[in-house]
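Engineer: Okay, structure incoming, though there's no sequence with it:
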């Protein structure tokens, strides 16, 4: 197969994967399962061990055939995309890690995190010893141990938020322990990879003693520690260098370039690429460009990371997965993975002042495995340490722990009573909710609030790159902040609610002052006049004007004031089945009108707005020959009304349409003909220029 054929096959494969992961991710999300498992399942379904090997026209062996002479179930080209995806994922995880939080809450969170990691590693290794009939230092057992340590805290954070428990003693401890869990897991992976390299190099003979193993483990740990320390010490200098490239897109992409370079260096040292990527993210996590980088690489994250999970799913041999041997191994390994976190984290939670209920909640919150476990499994499979049967065992463990943990945690959180032996701040919580007029304003408020909290010395932790959850802590004050569309809610202890409301008051006051200054420096009325002048003589865009339909035209409006006219036009769209939520559209158009009148000149009014009540651009046309007072620029009564409603969250030609219709209506002859029109069809022809 030549290069062109290889690339053609690759782009087709990626295209199919992108559709498959989106469909499966959405389907499983509807039944309460994390989308990552849907993406993994998509890979299993379309992979070479299932539908991918079915012959298709032009693809004799299927779109995803099993490569010949390759240990992996996918082509090297496709696997290279998955490798880049794993680097992006761990770089983003590093950016989200709050190293100050890691140090600040190192006692309780650190001990519980260590307990869970140690118990999970030992139990995973012992299961491997028992079922593979080998020794503790067997590379397969070491990998099974490391794989058992990873925790996916994003799932737990969502449950804690839904139950208003993120700022409870258990919630705070779980999130702090998860930070330790991530860091310790990466350290253990570095050490294990060093040991595995040593063991593999001696597989042909020679003696291995404890001193050699300790030496290679120390070297691996030293490399990790050295690069991490250098990254944190020189983080400001690294950020300063990146900012020399001026634009946020440039320095964000180059930050990812730093992650790729470090990933390559670590791989050359016999360690995993993801360790270098994580350190790159961790180094930049406390700089002033961390949040900007997260936002700018979000598109790359959304493209690559689901593709990674699909590729992992493709490497699952369905026939082997269904074998009794794999199912039995998987059941035992999964059970031990569950018990290890429950016991390892729970016992130390008891020692830190929690009661049995609190320890159970913390242990369960640390159970879900996810992204990092799959990445490590992929490393083990590609390096030849794990075979397809053991890979299937790990996939089973990831599926079951991720699905089982949420309902269990929900049950334990609903148990009556507190989780600490002594009354603790956070057991008695209160919630404050603010409902803003739009999600854009909610975004602005959240950004300003988090910035002010950081300035006050709070440690702010974002749950993950896609989540609307944040937690801020300072001393014994803990705030759980959630943004859902246009609503912002904050959960905290009752004693701290006055602080929360004061902080939000200051934020809103600050934003109000900024908006007032904006109004003073920019004159919207003058700008509107300039726009009206600029469309003079402009050639209309007929494609945009095709949104005008005759069944949404009224040549005899009945309303006698602005509100009545707007309501009548909205009802016209609703009666034609053009709206999903009529009341939402009416509210959003009125909100836009209250900010500034859309009455233009020459008897024209362009009421418009963005709303969740429509799926696509909708246009209603109305004529009121007597006219109504619409607050127009020239003081004349408005007679021609064009209402435009566009989806709030979907990009579309909203402003372009307004400009195009304004250009048509600037022609006086057209305006006069419209007022004389006898049918809706005649109005449409005049506006489209037919």
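Structural biologist: It's in. What you see is a predicted model, and the numbers here were worked out from it, not measured in a lab.
Engineer: all contacts plus neighbour counts: C-alpha atoms, from now on.
Structural biologist: OK.
Engineer: chain center to the top helix by length along the chain, what's the gap?
Structural biologist: The single longest helix within the chain, with elements called by DSSP state H, is helix 169-201. The chain centroid and the centroid of helix 169-201 are separated by 23 Å, computed with C-alpha atoms, centre = their mean, to the nearest Å.
Engineer: how about the helices in the stretch 401-550 of the chain?
Structural biologist: Counting by DSSP state H, counting those that start in this stretch, the stretch 401-550 of the chain has helices at residues 439-455, 497-521, 524-534, 542-545.
Engineer: Tabulate those (JSON lines), appending distance to residue 169, mean neighbour count and mean pLDDT.
Structural biologist: Formatted as JSON lines, the helices of the stretch 401-550 of the chain follow (distance: least, C-alpha to C-alpha, whole Å; neighbours: other C-alpha atoms under 10 Å; pLDDT from 0 to 100):
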{"stretch": "helix 439-455", "distance to residue 169": "20", "mean neighbour count": "16", "mean pLDDT": "83"}
{"stretch": "helix 497-521", "distance to residue 169": "17", "mean neighbour count": "14", "mean pLDDT": "82"}
{"stretch": "helix 524-534", "distance to residue 169": "50", "mean neighbour count": "13", "mean pLDDT": "55"}
{"stretch": "helix 542-545", "distance to residue 169": "56", "mean neighbour count": "15", "mean pLDDT": "68"}
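Engineer: Could you dump those helices into a markdown table and include distance to residue 326?
Structural biologist: Listed next are the helices of the stretch 401-550 of the chain as a markdown table, based on distance: least, C-alpha to C-alpha, whole Å:
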| stretch | distance to residue 326 |
| --- | --- |
| helix 439-455 | 47 |
| helix 497-521 | 52 |
| helix 524-534 | 68 |
| helix 542-545 | 59 |
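Engineer: tell me the SS of residue 624?
Structural biologist: Following DSSP: H, G, I helix; E, B strand; the rest coil, we place residue 624 in the strand state.
Engineer: you'd agree it is up against residue 556?
Structural biologist: Yes - the pair residue 624 / residue 556 is scored as a contact, 5.8 Å apart, by C-alpha atoms under 8 Å.
Engineer: who has more neighbours, these two?
Structural biologist: Using other C-alpha atoms under 10 Å as the criterion, residue 624 and residue 556 rank with residue 624 on top: 21 against 13.
Engineer: residues in contact with the more buried one?
Structural biologist: With contact set as C-alpha atoms under 8 Å, 6 or more residues apart in numbering, residue 624 has these partners: 555-558, 638-640.
Engineer: From residue 608, how far off is it?
Structural biologist: 18 Å (C-alpha to C-alpha, to the nearest Å).
Engineer: swap in residue 368?
Structural biologist: 46 Å.
Engineer: ok so, going back, who are the packing partners of the longest helix of the chain?
Structural biologist: helix 99-104, helix 108-132, helix 139-147, helix 153-162, helix 210-233, helix 356-365 (3 or more C-alpha pairs under 8 Å, 6 or more residues apart in numbering; DSSP states H and E).
Engineer: Out of the ones you listed, which gets the lowest mean score?
Structural biologist: Among these, helix 99-104 has the lowest mean pLDDT, at a mean of 58.
Engineer: Okay, now the unreliable bits of the stretch 1-150 of the chain?
Structural biologist: Within the stretch 1-150 of the chain, the segments meeting pLDDT under 70 span 1, 69-71, 98-107.
Engineer: Repeat that for the stretch 301-450 of the chain.
Structural biologist: Scanning the stretch 301-450 of the chain for pLDDT under 70 picks out the ranges 423-428.
Engineer: can you tell me how far residue 333 sits from residue 112?
Structural biologist: Residue 333 sits 22 Å away from residue 112, going by C-alpha to C-alpha.
Engineer: Buried ones in stretch 20-38, by neighbour count?
Structural biologist: Judged by neighbour count (16 or more other C-alpha atoms under 10 Å), stretch 20-38 contains these buried residues: 20-22, 24-26, 28, 33-38.
Engineer: before we move on, what about stretch 302-309?
Structural biologist: Those would be 304-309, for stretch 302-309 by 16+ other C-alpha under 10 Å.
Engineer: For that stretch, give me every contacting residue.
Structural biologist: So stretch 302-309 is contacted by 14, 17-18, 21, 36, 39-40, 43, 81-86, 88-89, 374 (C-alpha under 8 Å, 6+ apart).
Engineer: and if you look at stretch 326-343?
Structural biologist: Stretch 326-343 is contacted from outside by 116-117, 119-120, 123-124, 127, 131, 148, 320-321, 360, 362-364, 366-367, 389-390, 392-394, 396-397, 400-401, using C-alpha under 8 Å, 6+ apart.
Engineer: Next: stretch 364-383.
Structural biologist: 36, 71-72, 86, 116, 143, 147-148, 150-153, 155-156, 174, 178, 272, 309, 312, 337-338, 341-342, 345, 386-388, 391, 394-395, 397-398, 401-405, 408-409.
Engineer: neighbours around residue 496, how many?
Structural biologist: Using other C-alpha under 10 Å, residue 496 has 18 neighbouring residues.
Engineer: And for residue 486?
Structural biologist: 15.
Engineer: Same check on residue 51?
Structural biologist: Neighbours of residue 51 (other C-alpha under 10 Å): 16.
Engineer: tell me which strands and helices the strand or helix carrying residue 28 is in contact with?
Structural biologist: In the assignment (DSSP states H and E), residue 28 maps to helix 3-30. Packing contacts for helix 3-30, counted by 3+ C-alpha pairs under 8 Å, 6+ apart, involve helix 35-46, helix 76-96, helix 298-314.
Engineer: most tightly surrounded among these?
Structural biologist: Comparing the helices and strands packed on helix 3-30 by mean neighbour count (mean count of other C-alpha atoms under 10 Å), helix 35-46 comes out on top with a mean of 25.
Engineer: Can you name every helix or strand that that helix contacts?
Structural biologist: Using 3+ C-alpha pairs under 8 Å, 6+ apart: helix 35-46 touches helix 3-30, helix 298-314.
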